[in-house]
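**Q** Fold the following.
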Amino acid sequence: MPSSARPITSFRGLLCRFRRNRKGDAVVQFALVAPLFFALLFAILETALMFLGAQVLETITQDSARAVFTGQAQTGLLQACQVNGQGSACTQTSFKSYLCGKIPALFDCNGIYVDVQSYNSFSAITINSQINGGTFVNNMQFSPGGPGDIVVVRVFYQWPLFVTGLGYNIANLSGNKRLLVATAAFQNEPY
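**A** Now for the predicted structure:
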């Protein structure tokens, strides 16, 4: 009859040898830490890209708002607003195409929304949220105003997010998107 003491001793010896052997330590530790490390790395990269996109959108908005500020959009001096070489006041579509001409490869022009509203005074400005229950509210207007009017130009873009499945979710729209908003408020020049 075989002794049952031998397999236990062999198993204990195997555990002792396994515990003393440090050859695979780094691999095991990396396997434990790697998912967290890469999740953090991708979250940092995605956040950095989103902030870069927000800054680029802000710059594009400021540059495009200058055309309204100086009266070029209202008087038809912008080439994007001219019809058959004749100057005409910009429409929302022509102003958006002017703005899209300034956009680098970060954005898809089809996802850009432009809202231009004019007011009589700075105290009359009302800014509404474009997010309602996780959906984007598209009630864009185009009213660049006249000389001396107060104007608010807002540009929106729904930035797609990819790392949200790893527990880092900065989306404020459904469909794993974050609404980027750039705003310029000014008083038109007396053109």
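**Q** which regions of the chain sit below the pLDDT cut-off?
**A** 1-9, 18, 82-87 (pLDDT under 70).
**Q** what about the helices in it?
**A** 5-20, 25-69, 72-75, 92-100 (DSSP state H).
**Q** what does the last one rub up against?
**A** In this structure, residues lying in contact with helix 92-100 by Cβ atoms under 8 Å, 6 or more residues apart in numbering are 60-61, 64, 67-68, 73, 78, 80-81, 90, 109, 112, 114, 116, 140-142, 144, 155. C-betas here are computed from N, CA, C, even on glycine.
**Q** Let me see the contact set for the residue nearest the centre of the chain.
**A** The residue lying closest to the centre of the chain (Cα atoms, centre = their mean) is residue 159, at 3.8 Å. Neighbour list for residue 159: 50, 53-54, 177-180 [criterion: Cβ under 8 Å, 6+ apart].
**Q** Okay, and the beta partners of it?
**A** For residue 159, the beta-bridge partners are residue 178 (DSSP bridges).
**Q** just to revisit the earlier point, ok, which of the helices of the chain comes nearest residue 136?
**A** helix 25-69 (15.0 Å; Cβ to Cβ).
**Q** Let me know the angle separating that closest one from helix 92-100.
**A** 130 degrees (axes from the mean of the first three to the mean of the last three Cα atoms, to 10 degrees).
**Q** who does helix 25-69 touch, helix- and strand-wise?
**A** Here helix 25-69 touches helix 92-100, strand 150-160, strand 177-187, going by 3 or more Cβ pairs under 8 Å, 6 or more residues apart in numbering; DSSP states H and E.
**Q** Show me how far stretch 111-119 is from its chain's centre.
**A** 17 Å (Cα atoms, centre = their mean, to the nearest Å).
**Q** And stretch 122-131, how far out from the chain middle?
**A** 21 Å.
**Q** Buried residues of it, list them for me.
**A** residue 130 (16 or more other Cβ atoms under 10 Å).
**Q** can you give me the end-to-end distance of that stretch?
**A** 24 Å (Cα to Cα, to the nearest Å).
**Q** wait, isn't residue 157 in contact with residue 173?
**A** No: look at residue 157 against residue 173 with Cβ atoms under 8 Å: they stay out of range, at 10.9 Å.
**Q** Burial check on residue 78, number of neighbours?
**A** 22 (other Cβ atoms under 10 Å).
**Q** how near is the nearest residue to it once chain neighbours are set aside to residue 125?
**A** For residue 78, ignoring the flanking residues on the chain, the nearest one in space by Cβ to Cβ, 6 or more residues apart in numbering is residue 72 at 5.0 Å. For residue 72, the distance to residue 125 equals 22 Å [Cβ to Cβ, to the nearest Å].
**Q** how about residue 140, what does it touch?
**A** Counted by Cβ under 8 Å, 6+ apart, residue 140 has contacts 92, 113-115.
**Q** Residue 151: which of these is nearest?
**A** Using Cβ to Cβ, residue 115 comes nearest to residue 151 of those, at 10.9 Å.
**Q** Any idea what that closest one is bridged to?
**A** residue 154.
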